[in-house]
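K.L.:
pasting a predicted model and its sequence here:
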Amino acid sequence: MSWHPTGEVVVDKKGASLVLSGRFNIGIGMIKKLIGPVSRGDIVIVKDETGEFLGEGFYEEIGSVGVRMLAFKDKVSLDLMSERIEKALNMRRKMKLGNYFRLVHSESDLLPGLIVDFYNDIASITSTSIGFDARIKDIAGILTKLGARAVFARNDSRTRRQIDLPLWKGRIAGEGPSDTIIDEEGVLFHVDVLKGQKTGFFIDQRMNRIYLRRYVSKGDKVLDLFSYTGGFGLHAAVEGADVTAVDESDYAEREIARNAELNKVKINFIKGNVKELRLNKEYDVVIADPPALIPSIDRKDVGKRAYLMLNTKAMSMVRKGGFALTFSCSQFLSQEELKIIVIKAGSKARREIKLLNGTLGQSPDHPIDPKHPWTGYLKGFVMSCT
Ligand SMILES: C[S@@+](CC[C@H](N)C(=O)[O-])C[C@H]1O[C@@H](n2cnc3c(N)ncnc32)[C@H](O)[C@@H]1O
């Protein structure tokens with residue numbers, strides 16, 4: 001697939017001012033005219049109504065997005081993509097993130113619609129752009145040059161389903177297995193980029209999992225709700241806690257056992273729905289890290305109620321003097337809204353809560369671009385509960 005423009009897109013005043021302010025996504029409604037052969041996924045020259053050159057991008061026509069800008073007052077090329085990915089890598093190297101990290105976080109790394117996670121020498125790509133879909137082999141080529149032994153696609157995300165992009169996953173380049181073992185500050189996790197959820201692992205929670213260890217002492221009873229492969233629970237178990245983890249997925253059940261063995265610890269696993277869980281107020285620390293309970297803006301009210309119910313339940317399971325850690329990875333719920341929910345949940349659970357340590361957020365390899373606020377989606381709080 002070519003990296004040269006096939007035609008031109010003329011955008012209206014609003015579109016032009018968005019481009020001039022560095023916004024990547026230009027709405028379909030802001031497109032005034034298409035000139036020349038333009039199909040979905042093509043590179044196009046973007047101009048304003050006076051004919052002024054604004055830059056180049058992908059013609060997408062996907063969801064509400066018409067064009068995804070890639071170069072402002074500049075031309076798109078494979079070299080430009082390569083430069084941006086290398087720049088992203090240099091930034092991650094400075095963060096001392098060890099052997100796994102999110103290498104590309106969409107708009108925040110100037111690659112709108114592209115996510116790349118690295119686990120040792122395995123790269124896992126998720127695209128939400130027709131333009132990147134069509135050029136995924138070229139992106140895999142760049143990643144191979146940067147040291148990936150194998151590159152896989154995880155193009156089966158919920159976002160892709162919501163915007164009607166085909167769902168698929170599989171190998172794009174390289175050889176060898178799709179799984180590896182990563183080391184998160186001394187805690188080992190088996191990660192399989194094809195069988196696991198999302199790109200294989202929830203890298204965004206890295207700092208919060210490490211941070212949890214400050215709140216856990218030897219012999220504590222810890223409850224890890226929505227545990228996946230044992231993320232928070234394993235860190236607590238390594239601190240010497242007696243951990244119970246809950247998740248409904250078969251994969252989590254298999255992998256948590258494997259990860260416990262890898263770290264030479266024991267975890268009690270309950271396979272089931274957190275909603276149906278009935279446990280006593282007996283835990284020193286409870287962690288609640290659910291999937292996005294507001295998957296789309298039209299589900300906001302229902303989702304907010306679900307967060308309130310979950311947090312009320314989580315806090316009612318904490319013994320007096322214990323801690324609760326709660327998270328939301330929904331881009332449609334702000335920090336402030338989660339805080340209000342958490343405070344309300346505290347009073348519903350008849351607990352006196354104190355918010356500790358401000359707000360928790362996503363790992364620094366998931367940079368937040370203020371111009372594209374949805375790049376910051378993970379937020380959380382630690383509370384003491386009396
Ligand atoms: C955001 S992930 C948790 C990530 C984990 N804390 C970690 O650090 O790796 C959410 C998990 O919740 C599980 N899940 C979703 N709905 C659930 C439910 N109603 N009851 C139990 N588990 C659920 C999913 O299988 C997934 O593993």
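P.N.:
All right, it came through fine.

K.L.:
which residue is the nearest non-sequential neighbour of residue 23?
P.N.:
Distances taken as CB to CB, 6 or more residues apart in numbering place residue 371 nearest to residue 23, at 6.1 Å, with adjacent residues excluded. No exception for glycine: its C-beta is placed from N, CA and C like everyone else's.

K.L.:
please name the residues that touch the one you found.
P.N.:
Contacts for residue 371 (CB atoms under 8 Å, 6 or more residues apart in numbering) come out as 21, 22, 23, 107.

K.L.:
residues near residue 238, how many?
P.N.:
Look at residue 238: counted by other CB atoms under 10 Å, it has 18 neighbours.

K.L.:
what about it, distance to residue 99?
P.N.:
As judged by CB to CB, to the nearest Å, residue 238 and residue 99 stand 18 Å apart.

K.L.:
ok, now residue 81?
P.N.:
Separation of residue 81 from residue 99 (CB to CB) stands at 24 Å.

K.L.:
so these two - more neighbours on which side?
P.N.:
Each of residue 81 and residue 99 has its neighbours counted (other CB under 10 Å); residue 81 has more, 22 against 13.

K.L.:
number of residues surrounding the residue of the stretch 151-300 of the chain found nearest the ligand?
P.N.:
Using CB to the nearest ligand atom, residue 231 is the residue of the stretch 151-300 of the chain that sits closest to the ligand, at 2.2 Å. Neighbours of residue 231 under the rule other CB under 10 Å: 27.

K.L.:
which non-adjacent residue is nearest it?
P.N.:
residue 209 (5.3 Å).

K.L.:
can you confirm the one you found is in a helix?
P.N.:
Yes: assessed by DSSP: H, G, I helix; E, B strand; the rest coil, residue 209 belongs to a helix.

K.L.:
grab the nearest non-local neighbour of residue 141.
P.N.:
Excluding its sequence neighbours, the residue lying closest to residue 141 (CB to CB, 6+ apart) is residue 173, at 7.0 Å.

K.L.:
ok, which stretches of the stretch 251-386 of the chain are helices?
P.N.:
Along the stretch 251-386 of the chain, the segments classed as helices by DSSP state H, counting those that start in this stretch run 300-316, 335-348.

K.L.:
so which of these gets nearest the ligand?
P.N.:
It is, among the helices of the stretch 251-386 of the chain and with distance given as CB to the nearest ligand atom, helix 300-316, at 9.1 Å.

K.L.:
could you give the angle of the closest one to helix 335-348?
P.N.:
Counting by axes from the mean of the first three to the mean of the last three CA atoms, to 10 degrees, helix 300-316 lies at 50 degrees to helix 335-348.

K.L.:
so what touches helix 300-316?
P.N.:
225, 274-275, 277, 281, 286, 288, 290, 292-295, 324, 326, 328, 330, 332-333, 337-338, 341-342, 344-346, 348-351, 353, 383, 385.

K.L.:
for stretch 254-270, same thing?
P.N.:
181, 187-190, 196, 227-230, 233-234, 237-238, 242-247, 253, 277.

K.L.:
repeat that with 7 Å
P.N.:
Residues from elsewhere that reach stretch 254-270 (CB atoms under 7 Å, 6 or more residues apart in numbering): 181, 187-190, 227, 229-230, 233-234, 237-238, 243-246, 253.

K.L.:
residues contacting the residue nearest to residue 141?
P.N.:
Contacts here follow CB under 7 Å, 6+ apart; on that basis residue 173 touches 140, 141, 144, 150, 151.

K.L.:
the contacts of stretch 254-270 in strands, which ones?
P.N.:
In this view, these that belong to strands under DSSP state E are 181, 187, 188, 189, 190, 243, 244, 245, 246.

K.L.:
picking that back up, from the contacts of residue 371, pick the one nearest residue 132.
P.N.:
The shortest gap between residue 132 and any of the contacts of residue 371 belongs to residue 107, at 12.7 Å (CB to CB).

K.L.:
state the distance from that closest one to residue 342.
P.N.:
28 Å.

K.L.:
now residue 236
P.N.:
21 Å.

K.L.:
before we move on, the earlier item: the residue nearest to residue 141: what secondary structure?
P.N.:
strand.

K.L.:
does it have beta-bridge partners, and which?
P.N.:
Beta-bridge partners for residue 173, by DSSP bridges, are residue 151.

K.L.:
contacts only, for residue 385.
P.N.:
Applying CB under 7 Å, 6+ apart, we find residue 385 in contact with 315, 318, 322, 323, 324, 351, 353.

K.L.:
tell me the one among those residues nearest to residue 117.
P.N.:
Taking those together and measuring to residue 117 by CB to CB, the closest member is residue 324, at 28.6 Å.

K.L.:
buried sites along stretch 374-384?
P.N.:
The neighbour-count check on stretch 374-384 (16 or more other CB atoms under 10 Å) flags 375, 376, 377, 378, 379, 380, 381, 382, 383, 384 as buried.

K.L.:
name the nearest residue to the fourth one, ignoring sequence neighbours.
P.N.:
Closest residue to residue 378 apart from its sequence neighbours, by CB to CB, 6+ apart: residue 362 at 3.9 Å.

K.L.:
help me confirm that that neighbour comes into contact with residue 204.
P.N.:
Yes: here residue 362 reaches residue 204: they are 4.4 Å apart, a contact under CB atoms under 7 Å.

K.L.:
returning to that earlier point: most neighbours among the contacts of residue 173, which one?
P.N.:
When neighbours are counted by other CB under 10 Å, residue 151 leads the contacts of residue 173 with 25 neighbours.

K.L.:
re the thing from before, got a list of what the residue nearest to residue 231 touches?
P.N.:
Taking CB under 7 Å, 6+ apart, one finds 184, 231, 232, 235 in contact with residue 209.
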